[in-house]
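Peer 1: pasting the structure only:
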Ligand code: GUN
Ligand code: FE
């Protein structure tokens, strides 16, 4: 791979509360990895290509920890119901359409096109139960240059007859899908039981075996909505809490890496299971608001050392833009504090940048920073259409904050693992 550098105003997170800011500097990429940031281009890089983004803000690519690719066809619609009715009324019928490969191709082409222009560089996404359509999606993402995880969804109970598998078929399809995934270099499979209500005990055990045998990560939904939590109690009367419902299959980070979407309503005992450092909460404030699920206590999770990444959760979430997920993470934390939390703990702009980059990025390896050795995921932001006479007085974090609140547009340029995508 050709080495190159980006020149511009470079901002990235060092840790939850600390950012690194480098005005008018060079960010060097060698073999798809960051070589670090330099005020002057070192002599040894003389002659490499320099993309001149002088005056533009350059930040690490954003990580969308949880979204549903098939649901993009109805993003921005259907926000009048709560989770379980929303699934039955809108979501399951929409996902059933992906049995038809020519429909799936048209829908996924639009999705991949829009995702390409967005700020997202890494992701973990759900597809549907259908192998062919899922492989098509993975192939398109791979061709574009994305890196991330895609899951063929499993569901063998409490699902409509047009979107359900028998347990045996679900396992067989999963194994066949995993075989077919071996050719992908950058798009990797992730085990994806939809959530406990749609997955029998037998299926969960089989998926757990596959996950451990093949050392694959797992993603699912946890404690999103209060009716869902009550239902899980009825489905698993002997299990102490919803968290334990996944943990007993090794799916909360005890065997392989895990992403649990939402986690709006932690159980006071179950929350201890979320602190092992190998399970990430995918926080999607827009979805939690649209489906009237609630406001996840992200401030608490951060204080208690639970791993958190940000997510759009398309199409419970009504946008594909991780910029908006950052804004909503901050604003939702404030509303939540006003209503419930006795202790003042708003998510700050520094923290939200961290969560959208390094916080989720860690799930993918060395991702989310420009320190030497990190994969070279970078996006370039254009503030030209939001001018202010104060611009020269603003530091890079302030410019980023302003960009988040004022502009939710696509990126000016985008690089994933050193490959220019936009
Ligand atoms: N829980 C189970 N399936 C889904 C889904 O598709 N979206 C959301 N938001 N929650 C879920
Ligand atoms: Fe979801």
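Peer 2: Right, received. Where do you want to start? Just so we're clear, the structure is a prediction, and the values are computed from it rather than from any experiment. Ligands and ions are numbered 1, 2, ... in the order given.

Peer 1: So which residues on this structure come close to ligand 2?
Peer 2: By the criterion of Cβ under 5 Å from the ion, the positions of the chain lying close to ligand 2 are 261, 313. From N, CA and C alone the C-beta is placed, and that goes for glycine too.

Peer 1: tell me the domain boundaries of the chain?
Peer 2: When the chain is parsed with automatic domain parsing, its domains come out as 4-61+368-420, 62-364.

Peer 1: ok, now which ones touch the residue nearest in space to the middle of the chain?
Peer 2: By Cα atoms, centre = their mean, the chain has its centre lying nearest to residue 65, at 1.5 Å. Contact analysis of residue 65 by Cβ atoms under 8 Å, 6 or more residues apart in numbering lists 123, 124, 259, 261, 280, 282, 283, 309, 310, 311, 360, 363.

Peer 1: now those in a markdown table, with neighbour count?
Peer 2: Putting the contacts of residue 65 into a markdown table (neighbours: other Cβ atoms under 10 Å) gives the following:
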| residue | neighbour count |
| --- | --- |
| 123 | 25 |
| 124 | 28 |
| 259 | 27 |
| 261 | 28 |
| 280 | 28 |
| 282 | 28 |
| 283 | 31 |
| 309 | 28 |
| 310 | 29 |
| 311 | 33 |
| 360 | 31 |
| 363 | 25 |
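
Peer 1: Put together TSV for these, with secondary structure and pLDDT on each row.
Peer 2: Shown next, in TSV, are the contacts of residue 65 (DSSP: H, G, I helix; E, B strand; the rest coil; pLDDT from 0 to 100):
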residue	secondary structure	pLDDT
123	strand	99
124	strand	99
259	strand	99
261	strand	98
280	strand	98
282	strand	99
283	strand	98
309	strand	98
310	strand	98
311	coil	98
360	helix	98
363	helix	98
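
Peer 1: Closest one of those to ligand 1?
Peer 2: residue 261 (6.7 Å; Cβ to the nearest ligand atom).

Peer 1: so that closest one sits right up against residue 66, yeah?
Peer 2: Yes. Using Cβ atoms under 8 Å, residue 261 is in contact with residue 66, at 4.3 Å.

Peer 1: shared neighbours of those two, anything?
Peer 2: Residues touching both residue 261 and residue 66 (Cβ under 8 Å, 6+ apart) are 219, 282, 284, 311, 313.

Peer 1: just to revisit the earlier point, in JSON lines: the domains of the chain, plus distance to ligand 1.
Peer 2: Formatted as JSON lines, the domains of the chain follow (distance: least, Cβ to the nearest ligand atom, whole Å):
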{"stretch": "domain 4-61+368-420", "distance to ligand 1": "21"}
{"stretch": "domain 62-364", "distance to ligand 1": "3"}
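
Peer 1: Of these, flag the one that's most buried.
Peer 2: For the domains of the chain, the largest average neighbour count (mean count of other Cβ atoms under 10 Å) is found in domain 62-364, namely a mean of 20.

Peer 1: secondary structure element for residue 7?
Peer 2: Following DSSP states H and E, one finds residue 7 within strand 4-15.

Peer 1: Let me know the pLDDT of residue 409.
Peer 2: In this model, residue 409 is scored at 85, pLDDT.

Peer 1: mind listing what it touches?
Peer 2: The neighbourhood of residue 409, defined by Cβ under 8 Å, 6+ apart, consists of 382, 385.

Peer 1: Got the phi and psi for it?
Peer 2: The phi/psi pair for residue 409 (degrees, to the nearest 10) reads phi -80, psi 180.

Peer 1: okay, residue 285: pLDDT?
Peer 2: On the pLDDT scale, residue 285 gets 98.

Peer 1: Can you measure across stretch 335-343, start residue to end residue?
Peer 2: Chord length of stretch 335-343, first to last residue, is 13 Å (Cα to Cα, to the nearest Å).

Peer 1: What is the end-to-end distance of stretch 34-45?
Peer 2: Length of stretch 34-45, first residue to last, Cα to Cα: 13 Å.

Peer 1: likewise stretch 177-193?
Peer 2: First-to-last residue span, stretch 177-193, Cα to Cα: 14 Å.

Peer 1: Before I go, just wanted to say thanks for your time.
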